[in-house]
Every structure is written in C-alpha cells, then in structure tokens.
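Undergrad: Below is the sequence, then the predicted model.
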Amino acid sequence: MPQLSRFSITTPLYYVNAAPHIGSAYTTLIADTVARFARLQGRPVLLITGTDEHGQKIQRTAQERGLVPQQQCDRVAASFASLWKRLDIQYDRFSRTTAPRHAAIVREFFQSVWDNGDIYLARKQGWYCVACEEFKEERELLDGKYCSIHTNKSVEWRDEQNYFFRLSKYQSQLEALYRDRPDFIQPPARRNEVLSFVERGLNDFSISRVNLDWGIPVPTDPEHTIYVWFDALLGYVTALLDPADEPTLENALARWWPVDLHLIGKDILRFHAVYWPAMLMAAGLDLPQRVFGHGFLTKDGLKMGKSLGNTLDPLAMVDKYGADAVRYYFLREVELGQDGDFNETRFVNLLNAELANDLGNLLNRTLKMAGKYCGGKTPPIAAVDISSADALKQLGSSLAERVEDAYRALMFNRACQEVLALVRASNKYLDDRAPWSLYKRGEQAAVEQVLYAVLESVRLSAYLLSPVIPNLSTEIYRQLGIVLDFNDKTAIAQPGLYVEHARWGTLAPDQLLGEAKPLFARLELPTDGAL
Ligand code: MSP
C-alpha cells in the first residue's frame, strides 16, 4: 500500500492570561476534527496546539494575581490541557513558549535573520495595545484611544529603542506569494483583506522590547527581549521537534515542515499571513501551505466579552452537555470562515432533532427490530445482493466521496448535512417499507433486506461522523457489534480500514449485534441554569 502523505496542522498558541474561552475551544475543535479525518484516512498526522506565555500581558496578569509569571503560565497551560482532554482533543504536541528548547529555536532563528541583514535598531514611537500585544495605527483606534478589538482597553504610548524586522523588503515577494498561491490564505474574504493591507505598503515592525523581562533575551543585545509575536510564531516550529531531538532548526524542520494548515481566528490573520511568511523568507525557510482564518463566535447574536458579562465557559458547556454535543453543535452549525452564533435553545433543539431523534432513534428502533426479526444478529444477507437501485445503497455508495470533499474543503457543516441526508433517508425508508408489516406477512427476506440497508447506513454515518462525534460513533459501532474505538489513533489508522469502512456494504452478515441502548438522551430546554 502506498504511503499516504503526511499532514501537519496547528491551532494558535493561546495566551495564558486567562482560562480558556469558547473561541480557543472552537479553533481547537476544528483542528482536531481535521486531524481526526486525516488519521481516519490513514495519513500520518501531527496536530500542534499549545500556549503563548511571554509578553507584557502575561507579566501584568501574573503581577495582578500576586504570582510569578511562570506560575501563572503553568496554571493556565494546565487548564488548557485539561479542557482539551475533556473535549477529546487528540493533540500530538503541546508547545509552550517558555520551554527552554523553544528559546534555543528562537535564538537560532533570530540569529539567522540577523545574519541576513534583516534586523536593525531604531526608535519606535506609537500606540500599543497590550491585549493584542501589537502596535496600532492612530487611524485604527476608537475615540478616546481605545483598541478596536479590545474595546474596553485603552492603548498605551511607547517611545523606545527597538530592534526592527525589515518587513518592507519582502513586499514584492509577499505579493508574488499571494498571486502564485491563491489558496495560501483562505477563505477568499480573508485573502482580500490581506491583499488590501499589503497593497497599502508594508512597514518594518519592531521585534524587541526594552523594560520587559518576561521574554526571551535578544541574543545580540540582552537588554532587549524578543517581541512576543516573533517568539510565539516560532512555537509552531519548536513543536515539530521529537522529544528526544536536540533543539535545532534543522532537527525541527526535518520531518513535518512545512505545516499544511495554520488554523486561526480572523483577528490574528496579519501575523500569520504577512509577518510569518516574511520572517520565514528572511530565514530562508519554506512557507506553510495554507492559513485559514475562521470567523468569530457570538452569543445570542452579541459579541462576547467579560465586560458584557456574556462569556461562554467551554468547561461548563462540556460538563452540562458532554463533548460530542459541543463538538457537533459548533461543527454542524457554523460555516467555517463565517461568524457563528451560540444560542442555547438552538443548541438543544438541534441536538435533539439530529442526534437524539434522527440518528439515535433510528439506530434504536432498527436494532430492536433486528432483535425480534433476526435473532439479535445482523441480517444474513450480503450487500452485493441488494439491488443497486435501492435508495439507501445508492445514496450510501457515493456518500464517502461527498463527505470527503466537504472535510477537505473544511466545510464541516456540509459534511454533517450529507451524512444527515442518509440518516433521514433511512428513517423514511424504514417508515415506507414498514418491516413490521412485512414480518407479519411472512416476508422474511424483505425484512432482512430492509434492516440490513438501514443498519449499514447507520454504520456508515457513524464512521463518517467520527471526526466530529467520536464517542457516539464508537457507541454506535458497539451496538452494531463492531469493536472499533474512534479515540484509538492506532486502531482507526490500520491500513486499508478507511477503504473498507467508508464504503456502503461493509456490515458483515449474521453477526451478533451489541446491546441496544438509547444513543443520545434528549436534552431539556434551558431554564434557570442557562449557560
Ligand atoms: N497568542 C496568540 C496566538 C499566537 S499563535 C502563534 C493569540 N491567542 S488568543 O488566546 O488570544 O487567541 C486564540 C484564538 O482564539 C484566536 O484564533 C482567536 O481568533 C480565537 N478567538 C478569540 N475569541 C473568539 C471568538 N469569540 N470566536 C472565535 N474565535 C475567537 O491570539
């Protein structure tokens, strides 16, 4: 069997100033789903996540809490790791920018850009937003000198000697990159945003700070620390090192570089689609394949924020509804790239309709019938003997291809809808054929054919939805009498498994079925205890 191509994907490295919020959970859920689908196909996968731990924002937060910065970082990094566990995020690397091996990578990278002549010392004056960790143009600010992203935070005036990165030198190379690789930035609206930003002309940006010791010292001038973004982007590279590797750029880049997909929110697009490729060009390194900037989540149609008091705690969400429900809602409900909304009533209704009713009830009633009419076994017929004109066989036979296209295009809502179409067709098929009447009339062969077609359609649906709802998929497989744990990376990546399981007709005849249990308990509409 030919070796399938490797796939590496990153989430942003999250700031550790506060506990994880729903925005970070959202990006990470998407990345995990993409990674799971690639693993399902048998591809070697590396999913990178982690934390961005230096800079003024973290230093100040630690101070306010009476902690030394590293304590603050350790606590919050641990809370990210534990949330990812609760959400069944299967990351391969957790990159922390305070790790000593990361400092080695940053120093080597800085030195190579320095040797290339792309770093110089000059005076920097400007407005700085600590929450963004970014200098802002005066025209970008709201009245009263507030940041347009962190609308309750005013910017601070800075006037200091900084080291600068010669971004302007890369203007035409960046333009050529966007032109020659139109898919480098996705979706198209984000690409256009970047194009118009770059068209206005790029300015060099400052990559060091004085009077800030919570950072990595500039190798050529330890009075300065390296700007948090210059440091953080390199966290993606450090993450590529195998644990036993010496921390050198050569080792880091040997196996998984360039990264296939940087998944980020739209607010940090400029750093990933402009600064980062230019930095890599300056160090003579290959560029990542793709940067995808997703939209923002709102709650009940409103921007979320601490000051508005309407933040959504991802941990509370998992506690209340479980990982698969949270995963399904965000992937099924939001079109990636667009802004998306969380509304608890919509959440409950969607899950009840699609997971409890359409999918769960279908499985449950079909299994009960198989118990009664087929002795608790899969019907003793082979898929090849079912007519190719059969509605479910027809729909099911081309499903994997459509779902695969959707996953590849990061259209998770479409992937879910395609599968749901088969589930709904199966419900209708069951109602139309009424196997209970066929049974009464003694038409056993017809009963078996109908039940096989439906059970197989449920199996295929579970398989193709497993990147989104791994636990429910595992449970469906169990009830169908098939042992496959979708959280077991090795088990799902067995050679040939994808080809076998992604096609309609895999369910073996005459096999003992598992015990039937309600798949997904109906959720109650929120009352007092709303999220
Ligand atoms: N530390 C930087 C990233 C460095 S990457 C080398 C950072 N961290 S962050 O914690 O502030 O942001 C993390 C991610 O959460 C970003 O992708 C951001 O877009 C996303 N979100 C923050 N709020 C969000 C919503 N309300 N909705 C969706 N995603 C949002 O930026």
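TA: Done, it's in.

Undergrad: does the residue of the chain found nearest the ligand have beta-bridge partners, and which?
TA: With C-beta to the nearest ligand atom as the measure, Gly265 is the residue of the chain nearest to the ligand, at 1.6 Å. C-beta here means a position set from N, CA and C on the backbone, and glycine is covered the same way. Following DSSP bridges, Gly265 is listed with bridge partners His294.

Undergrad: So what's the residue count around it?
TA: If you count neighbours by other C-beta atoms under 10 Å, Gly265 ends up with 17.

Undergrad: quick one: it and Gly293 touch, right?
TA: Yes: if you go by C-beta atoms under 8 Å, Gly265 and Gly293 touch, sitting 6.7 Å apart.

Undergrad: give the contact list for the residue of the chain closest to the ligand.
TA: Taking C-beta atoms under 8 Å, 6 or more residues apart in numbering as the contact definition, Gly265 lies against Pro12, Gly23, Thr27, Gly293, His294, Gly295, Phe296.

Undergrad: Would you list the buried entries among those residues?
TA: In those, burial by neighbour count holds for Pro12, Gly23, Thr27, Gly293, His294, Gly295, counting by 16 or more other C-beta atoms under 10 Å.

Undergrad: what's the lowest-pLDDT member of the residues you listed?
TA: Scanning those for pLDDT, the smallest score is found at Gly23, 92.

Undergrad: Would you confirm that that residue belongs to a helix?
TA: Yes: checked against DSSP: H, G, I helix; E, B strand; the rest coil, Gly23 lies within a helix.

Undergrad: how far away is it from Leu297?
TA: Relative to Leu297, Gly23 is positioned 6 Å away (C-beta to C-beta, to the nearest Å).

Undergrad: what's the overlap in contacts for those two?
TA: Shared contacts of Gly23 and Leu297 (C-beta under 8 Å, 6+ apart): Met304.

Undergrad: quick one on the thing from earlier: return only those of the buried ones among the contacts of Gly265 found close to the ligand.
TA: When those are checked against the ligand using C-beta under 6 Å from any ligand atom, the ones in range are Pro12, Gly23, Thr27.

Undergrad: Neighbours of the nearest residue to the last one once chain neighbours are set aside, how many?
TA: Which is Thr27. With C-beta to C-beta, 6 or more residues apart in numbering as the criterion, Thr27 has its nearest non-adjacent residue at 5.0 Å, and that residue is Thr11. For Thr11, the neighbour count with other C-beta under 10 Å is 27.

Undergrad: I'd like to know which elements the helix or strand where Thr11 lies is packed against.
TA: Remark: Thr11 resides in strand 7-15, with elements defined by DSSP states H and E. Contacting strand 7-15 under the criterion 3 or more C-beta pairs under 8 Å, 6 or more residues apart in numbering; DSSP states H and E are the following elements: helix 22-40, strand 45-52, helix 235-238, strand 261-265.

Undergrad: tell me which element Ile149 is part of?
TA: Using DSSP H and E, Ile149 sits in no helix or strand.

Undergrad: I'd guessed Ile119 sits against Tyr163; true?
TA: Yes: with the criterion set as C-beta under 8 Å, Ile119 and Tyr163 qualify as a contacting pair; they are 5.4 Å apart.

Undergrad: Overlap of the contact sets of the two?
TA: Shared contacts of Ile119 and Tyr163, defined by C-beta under 8 Å, 6+ apart, are found at Ile207.

Undergrad: tell me which residues in stretch 490-510 are buried?
TA: Neighbour-count burial for stretch 490-510, counted by 16+ other C-beta under 10 Å, picks out Ile492, Ala493, Leu497, Tyr498, His501, Ala502, Arg503, Trp504, Gly505, Leu507.

Undergrad: give the contact list for Val274.
TA: Shown in contact with Val274 (C-beta under 8 Å, 6+ apart): Leu167, Leu174, Val194, Phe197, Val198, Leu202.

Undergrad: got the residues you listed as TSV, with secondary structure and distance to the ligand columns?
TA: Shown next, in TSV, are the contacts of Val274 (DSSP: H, G, I helix; E, B strand; the rest coil; distance: C-beta to the nearest ligand atom, whole Å):
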residue	secondary structure	distance to the ligand
Leu167	helix	17
Leu174	helix	18
Val194	helix	15
Phe197	helix	17
Val198	helix	20
Leu202	coil	20
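
Undergrad: Just the buried ones among those, please.
TA: By 16+ other C-beta under 10 Å, these give Leu167, Leu174, Val194, Val198, Leu202 as buried.

Undergrad: Most widely separated two among those?
TA: Leu167 and Val194 (13.4 Å; C-beta to C-beta).

Undergrad: now the end-to-end length of stretch 504-518.
TA: 24 Å (C-alpha to C-alpha, to the nearest Å).

Undergrad: Give me the contacts around it.
TA: In contact with stretch 504-518 (C-beta under 8 Å, 6+ apart) are residues 360, 363-364, 367-368, 370-371, 376-384, 386, 392-393, 396-397, 399, 452, 455-457, 459-460, 475, 478-481, 500.

Undergrad: can you tell me which of those residues are in helices?
TA: 363-364, 367-368, 370-371, 392-393, 396-397, 399, 452, 455-457, 459-460, 475, 478-479, 500 (DSSP state H).

Undergrad: Give me the ChimeraX select line for those, limited to the buried ones.
TA: Here the buried members of the ones in helices among the contacts of stretch 504-518 are turned into a ChimeraX selection, burial being counted by 16+ other C-beta under 10 Å:
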select :363,364,367,370,392,393,396,397,399,452,455,456,457,459,460,475,478,479
